[in-house]
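Novice: would you be able to build a 3D model of this:
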Amino acid sequence: MTQPIYAALTLSTVIPHQNCLQWSDDGQLCVLTKSAVYILTPDHGLASSTPPDVRASIDDQSSAKPLGWYKTMIDMSSRPVRAWAEISDDVSVQAVTCSPSGLSGYGRCVLAVLNTNMEVTLWEGTKNHLKGEWCMIDNVTDHLVDAIALNGTTDGVGVARQEEVLNAQTTCIAWSAQPDFGISPAPLLDASLLAMGNRAGSITLQRFSRSRGERGQPTTTTITKLEMCERWITQLAWSKWVASGANKCTAVLAYAMSDGGIGLLQVSQTLEAAVSPDAFVHDYDVERHVRVDVERFQNLAIPPDKRVVTAMRWVDVSAQKTILVASKAGTVHLYSHPPFPLSPPSSFIHSPICSPTHSYGSKSLLIQIQPSSAGSSSLSPVSGLFYVRDRDALLLALSDGSVHAMHGFSSEPSWEPAPIPSVPTSSTTAVVVDEVEQEDSSTSENATAGKTGGGSTKNGHTSAAEGTALTRSSDVPITSETLTESSRSFFVRTQQHASAGVSNVPDYMDVNKIDGFVPYDSCGTVAWMYEVSRPTDFSYKHEAKHACVMLVTPFWSADDGWVVKTVEEEMDWSKNGSGVRCATRVAPAHLLRGIFLHLADTTRFKRLCRALLNILDRDMQEDPSTAVVIPEWTKPCNEEIKIHLRKSLATQFFGWESFLRTRMKLALADGCWKLCQDAQMRSDCGRAARIQLAAVSHRVLRILVRHLTAIVTTLSPADVPFVLRVVVQSLLPGSPSDLSSEAQALSDKVNATMAIELEGAGLLEMCPACHTEVPLQDITQATCLNGHTWTRCSVTSFILSTAMVRTCIGCNRKALLPLSQSSPAEDDSWMPVAARSWVVKELLEAVDRCLFCGNSFVRIV
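Specialist: All right, here's what the predicted structure looks like:
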């Protein structure tokens, strides 16, 4: 069966470097070109009111929704560059790395961009990160150069100053993930590190910091600078953070040198206790409470051989094992170290807690040529790689257009596939475990692939696959030959479609030069970039004539069992120590991207809808946040309480993993409701969505009620309208009894503190159009007696009659802007009169993501 081509997006630009594609934690795909960084966002799972900028599918698939993309870019061509010398070459973009989500002033990712002039700048999306402008917020190189001027001396200026300048000239960058210190709720603490290698052979660890809600420029602070060698640092790669003690996480930073050697640094971060008797939650400060320790491995992971490292990345194969993959011309090198703690760091002693099949140390494999065109060569650089967990295979794409499969990757890596034993028809087949799953693949459960009666029991629940007929994928193993043939086939079909009616179709002399290769899901669907090249053509080609094509294609079909298995794992409440964690703040749209891609196939969705409903209908575990006690505030109302309230609300809203899973269930239920064609199934999906929506609403209200009860002595008459709105919503039919009781107690306390008149309490608003009364009867919409309808704020429930509004990209709910994002800042004249409360203002600042689906906001106007 011919595999579909979900997207074929053409960019008229030059790709100067391999590995030009990278996903951010916000679910955006960064495309590195010569003069710009394109930022593409797939529309699967999004509900933006504006249509995608482009839909570029090749095949006419009547059963699948075309894959659309939102498109924006960071233009680097007109930015001034630093003159390190009087004569400077043409400057282009060299590398880009994405921060964890939540670092920008809008609660999203920050991009660090390195150009060939060895300068590093930081960028963030402003009003609309999907389609709007990205602005530079900091120049890290300027800080490094300023430090040279401050530390300069008059003695020995020559050599010393030259060395300092080399330290300021960055050659490679890598941003670590957010460490998880195992605290619930997870503190919204940025402990990620930006590593920068330079020409002097040093590595600098930088910390990005920006106070939530500030309009001023962010800052980067140097944590430490390590002198590693006397050669250039050419590549950097962070491993995942793993727990190595109480409130302690450890990662390994691999660095490649210009002579081909690869060394390792063990980086540990310890979160020290924060004692703050007045705070509602533990008030951690990254500068005061996070200690960073760095230790160098005594031995090199890969010895130097005068061959440059072209690609380097850590691959997580299990919760205990991470393997470093590094490529050079014609070879792939693998290195694995024992679990933490290490003593000493260079030790290769086997750990008893790991499977005996796990070996430690370094290995290397010669790349085998896969002839597909005139430019085929085993010496071509690696353009991208990713690990397929259920097959224990590593896929590598080379710039010559070939794709290679390394089998037995975690134990005995080889290019030859292991023979597949014959299995009876009734047996189960393994499915791919999602990339974020951290369990050992040897213990992964198989998903049902047969008929009714093949379901398995997990955590006391019957598998959703039981009672549902699921198709199974082919048992034919993936090989380098078949993958390269698929790559070539996709290339030929795309070029034939682009040259419809023209006889100029690809032949053997045309090379599909691959410049980027990243997974779109965890079961064979890949986003990759290619450009047509003819090795025998030496004529000049203007930049405007270059045409690079980004494809999204499945190299093999994902079966129904994989889809159900993936949904089960994403919605599994029992995986507290593995899988996705709130500490990383990964957007739900990024986590559910692969699922929504496959559910867009209406034929498949009809087969799986009942199984998905079975997953959504499972009983939710008890809400752990119900046991949280918010201490009463005993001091007067001041700036201190505002800071504590904002941090506590943000932590309680977005720090619980169970809350994230509820939001993901709501997003999946809403998506199923939109896809359903059958009236009964649509009704069932709507019922499931209403259950999850009620769970989210009640949890938000409980958090608000407990915080308002704790600060009731600081409330003024201006705060009463919002307090009463929370009370009324908590007393609506269907609310949990404990929530209603707490809300009634809050109302009694407010009544005892001050006299309240209903007319002045803000429950009766005025229609902005006709100035008639609008009672609070619906928390989503407001309708006056004359029929005028207004949308309500999803955070405060006030009527939205202003342009100062932000919109969720996941569910299209709207909310008032925080004052820090309005212009001019601190001017609240545009806010509803009843909303001009310090409590409401701090609440809006705390909510930088949608309370209901967890995705980010954008400003449409």
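Novice: can you give me the buried ones in the one helix or strand residue 666 maps to?
Specialist: Per DSSP states H and E: residue 666 is located in helix 657-675. By 16 or more other C-beta atoms under 10 Å, the buried positions in helix 657-675 come out as 657-673, 675. Quick note: C-beta positions are derived from backbone N, CA and C, even for glycine.
Novice: which SS class is residue 841?
Specialist: helix (DSSP: H, G, I helix; E, B strand; the rest coil).
Novice: burial check on the residue nearest to it when sequence neighbours are not counted, number of neighbours?
Specialist: Nearest in space to residue 841, with sequence neighbours left out and distances taken as C-beta to C-beta, 6 or more residues apart in numbering, is residue 819 at 5.8 Å. Neighbour count for residue 819, taken as other C-beta atoms under 10 Å: 20.
Novice: so residue 819 versus residue 844, what's the distance?
Specialist: 7 Å (C-beta to C-beta, to the nearest Å).
Novice: with residue 546 instead?
Specialist: Distance, residue 546 to residue 844, by C-beta to C-beta: 46 Å.
Novice: can you pull the buried residues of the helix or strand that contains residue 615?
Specialist: In this assignment (DSSP H and E), residue 615 forms part of helix 602-616. Residues 604, 605, 607, 608, 609, 611, 612, 613, 614, 615, 616 are the ones in helix 602-616 that count as buried (16+ other C-beta under 10 Å).
Novice: now the angle between helix 657-675 and it, please.
Specialist: Going by axes from the mean of the first three to the mean of the last three C-alpha atoms, to 10 degrees, helix 602-616 is angled at 140 degrees with respect to helix 657-675.
Novice: what's helix 602-616 packed up against?
Specialist: helix 560-570, helix 593-599, helix 657-675, helix 679-710 (3 or more C-beta pairs under 8 Å, 6 or more residues apart in numbering; DSSP states H and E).
Novice: pull the residues that contact the second one.
Specialist: When you say that, I think you mean helix 593-599. 6, 27, 42, 44-45, 67, 434, 520-523, 525, 558, 563, 566-567, 570, 604-605, 608, 668, 671-672, 675 (C-beta atoms under 8 Å, 6 or more residues apart in numbering).
Novice: just give me how far it sits from the chain centre.
Specialist: Centroid displacement of helix 593-599 relative to its chain, using C-alpha atoms, centre = their mean, to the nearest Å, is 16 Å.
Novice: mean confidence score for that helix?
Specialist: The pLDDT scores in helix 593-599 average 92.
Novice: what do you get for stretch 112-125?
Specialist: Average pLDDT, stretch 112-125: 94.
Novice: likewise for stretch 533-552?
Specialist: Computed over stretch 533-552, the average pLDDT equals 87.
Novice: quick one: buried residues of stretch 617-632?
Specialist: 618, 623, 625, 628, 630.
Novice: can you pull the buried residues of stretch 323-341?
Specialist: Residues 323-329, 332-340 are the ones in stretch 323-341 that count as buried (16+ other C-beta under 10 Å).
Novice: do stretch 280-300 as well
Specialist: By 16+ other C-beta under 10 Å, the buried positions in stretch 280-300 come out as 280, 281, 282, 283, 284, 286, 289, 290, 297.
Novice: which is the next helix or strand following the helix or strand where residue 527 lies?
Specialist: Assigned by DSSP H and E, residue 527 belongs to strand 525-533. Next along the chain after strand 525-533, taking DSSP H and E as the criterion, comes strand 548-554.
Novice: hmm, who's touching that next one?
Specialist: For strand 548-554, the external contacting residues (C-beta under 8 Å, 6+ apart) are 3-15, 21, 31, 33, 40, 42, 67, 486, 490, 494, 498, 515-516, 520, 523-531.
Novice: what's the span of stretch 116-131, first residue to last?
Specialist: End-to-end distance for stretch 116-131, by C-alpha to C-alpha, to the nearest Å: 27 Å.
Novice: may I see the buried residues of it?
Specialist: In stretch 116-131, counting by 16+ other C-beta under 10 Å, buried: 116-126, 128-131.
Novice: quick one: the residue nearest to residue 841 and residue 830, what's the gap?
Specialist: Applying C-beta to C-beta, the value for residue 819 to residue 830 is 10 Å.
Novice: what do you get for residue 798?
Specialist: 12 Å.
Novice: more crowded one of these two?
Specialist: Neighbours per residue (other C-beta under 10 Å) separate residue 798 from residue 830, with residue 798 holding more: 25 against 13.
Novice: which parts of the stretch 351-500 of the chain are strands?
Specialist: Residue ranges of the strands in the stretch 351-500 of the chain, as given by DSSP state E, counting those that start in this stretch, are 361-366, 382-388, 393-398, 403-407, 457-458, 461-462.
Novice: show me what the longest one is packed against.
Specialist: Secondary-structure packing of strand 382-388 (3+ C-beta pairs under 8 Å, 6+ apart): strand 311-316, strand 393-398, strand 511-519, strand 525-533.
Novice: give me every residue that touches residue 810.
Specialist: Applying C-beta under 8 Å, 6+ apart, we find residue 810 in contact with 45, 46, 47, 588, 589, 667, 850, 853, 854, 855.
Novice: does it fall in a helix, a strand, or a coil region?
Specialist: Assigned with three-state DSSP, residue 810 falls in the coil class.
Novice: distance-wise, check it relative to residue 67.
Specialist: When residue 810 is compared with residue 67 (using C-beta to C-beta), they lie 17 Å apart.
Novice: over to residue 511?
Specialist: 26 Å.
Novice: and residue 663, by the same measure?
Specialist: When residue 663 is compared with residue 67 (using C-beta to C-beta), they lie 24 Å apart.
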